[in-house]
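1. model this:
(chains A and B)
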Amino acid sequence: EAGVAQSPRYKIIEKRQSVAFWCNPISGHATLYWYQQILGQGPKLLIQFQNNGVVDDSQLPKDRFSAERLKGVDSTLKIQPAKLEDSAVYLCASSPRQGTYNEQFFGPGTRLTVL
Amino acid sequence: KQEVTQIPAALSVPEGENLVLNCSFTDSAIYNLQWFRQDPGKGLTSLLLIQSSQREQTSGRLNASLDKSSGRSTLYIAASQPGDSATYLCAVSGNTPLVFGKGTRLSVIA
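-> Next up, the predicted model:
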């Protein structure tokens, strides 16, 4: 079974530029998560999708971050415009279905550096 | 608000030693607790998932215990190997989405 795929693996941009990340979850997984992990910290949930609907985006900085999951499969996370403090690893995870009992499976992450 | 603390922040041990990593959480109303491993520049690999009704889970040389009432979990690693060097994160799931600790960075010296 293929794991969670993410691209790109690394991205370097200047502040005020825009950037987008892509995630392809494990086949058949209905729930998809985007996390932000700042160096030395644990991951922090940004947004959770159930199929193509948003379940929780309470910690997403909506003035600059947006995410979508068209057709309930792939997802993109966009930052526009980027700030220096957005430098972090962006992790995508998926689980078979919504529910706190379900294990989450993580992708390799995208490391973003904002200069 | 759920808070997760991991002690120690970093640990260095000689190969072959048994070791314990600690995780504590402030709100005992959790559904499950997960231990993850993270290698430098990589994503998270799930090691063990303990449901709130369980006391422990084992996988190979790893054993995780959960004491929900006291808000504590431990990850026991037996006969440590250099390949065990990584950051170990615990995360709890409850009324809020997964909340992570900052991790323990483990170095096993050959």
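
2. hang on, B:Asn63 packs against B:Ser73?
-> No: using C-beta atoms under 8 Å, B:Asn63 makes no contact with B:Ser73, being 11.0 Å away. (C-beta placed from N, C-alpha, C; glycine too.)

3. quick one, phi psi at the nearest residue to B:Glu3 once chain neighbours are set aside?
-> Using C-beta to C-beta, 6 or more residues apart in numbering or on different chains and skipping the chain neighbours, the partner closest in space to B:Glu3 is B:Thr26 (4.6 Å). Dihedral angles of B:Thr26 (phi, psi; degrees, to the nearest 10) stand at phi -90, psi -30.

4. what's the pLDDT at B:Thr26?
-> B:Thr26 is assigned 95 on the pLDDT scale.

5. Spit out the contact partners of B:Ala64.
-> B:Leu33, B:Trp35, B:Leu47, B:Leu48, B:Ile50, B:Glu56, B:Gln57, B:Thr58, B:Ser73, B:Thr74, B:Leu75, B:Tyr76 (C-beta atoms under 8 Å, 6 or more residues apart in numbering or on different chains).

6. burial measure for the nearest residue to it once chain neighbours are set aside, as a count.
-> In space, and not counting its chain neighbours, B:Ala64 is closest to B:Leu48: 4.4 Å by C-beta to C-beta, 6+ apart. Using other C-beta atoms under 10 Å in any protein chain shown, B:Leu48 has 21 neighbouring residues.

7. do you know how far B:Leu48 is from B:Asn22?
-> 15 Å (C-beta to C-beta, to the nearest Å).

8. and what of B:Ile30?
-> 16 Å.

9. Of these two, which one has the most company?
-> When neighbours are counted by other C-beta under 10 Å, B:Ile30 comes out ahead of the other of B:Ile30 and B:Asn22, with 22 against 15.
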